[in-house]
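# predicted coordinates and the sequence they were generated for:
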Amino acid sequence: MALATTIARILLGLLFAFAGASAFFLTPPPQPGLAGTFNDVFVHSHWSLFVGAAQLAIGVLLLINRFVPLALTMLAAFLYNSLAFHITMAQSSLVVPLVVTALWVLVSLKYRALFALLFAPVPIEPRQSEENVTIERPSSAGR
């Protein structure tokens, strides 16, 4: 499983590093219908450069294996938007974001303990001691 996770992380990193860098050098091919109109606005407003920079950063973080949970959190937002775009405007190419989402899930499973903290009903507050930082749940005595 560790090998599959590493391969998935590297594939995601390469995919998003390439996609992010290509925003600075390539213009996407025209698409028909509403998807084409959306992409025209996206490219001509230069919004694609901001998105490309974020995708490039995510790809690099995944490739160098640093801040992977942060990169996966940022990537989740891109995947949500990509799925929304393909479901509503470009159903014929929906398989690509579905495959990328499957890779994301595979990599995210390794970090599920860290993501579990995001879904805690009561936030965990850090408390610093002299030797190290510990994390404690707030006491329920004051409730």
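Nice, thanks for sending it over.
# which stretches of the chain form strands?
125-128, 133-136 (DSSP state E).
# weakest of those strands by average pLDDT?
Lowest mean pLDDT within the strands of the chain: strand 133-136, at a mean of 57.
# any idea how many residues pack against the residue lying closest to residue 96 once chain neighbours are set aside?
Distance criterion Cβ to Cβ, 6 or more residues apart in numbering; nearest residue to residue 96, sequence neighbours excluded, is residue 86 at 7.4 Å. C-beta coordinates here come from the backbone N, C-alpha and C atoms, glycine included. By other Cβ atoms under 10 Å, 18 other residues sit near residue 86.
# quick one: residue 86 from residue 64, how far?
Separation of residue 86 from residue 64 (Cβ to Cβ, to the nearest Å): 29 Å.
# next: residue 96.
For residue 96, the distance to residue 64 (Cβ to Cβ) stands at 24 Å.
# again, but for residue 23
20 Å.
# how about the nearest residue to residue 2, chain neighbours excluded?
residue 110 (8.0 Å).
# then residue 42?
residue 48 (5.2 Å).
# run a quick neighbour tally on the one you found.
Number of residues near residue 48 (other Cβ under 10 Å) recorded here: 20.
# please tell me I have it right and it contacts residue 41.
No: using Cβ atoms under 8 Å as the test, residue 48 is too far from residue 41 to be in contact (9.8 Å).
# mind listing what the residue lying closest to residue 19 once chain neighbours are set aside touches?
Nearest residue to residue 19 in three dimensions, chain neighbours excluded: residue 55, at 5.1 Å (Cβ to Cβ, 6+ apart). Residues counted as contacts of residue 55 (Cβ atoms under 8 Å, 6 or more residues apart in numbering) are 16, 17, 19, 20, 23, 78.
# measure residue 55 to residue 49 for me?
Applying Cβ to Cβ to residue 55 and residue 49 gives a distance of 11 Å.
# joint contacts of the two?
Both residue 55 and residue 49 are contacted by residue 23, under the criterion Cβ under 8 Å, 6+ apart.
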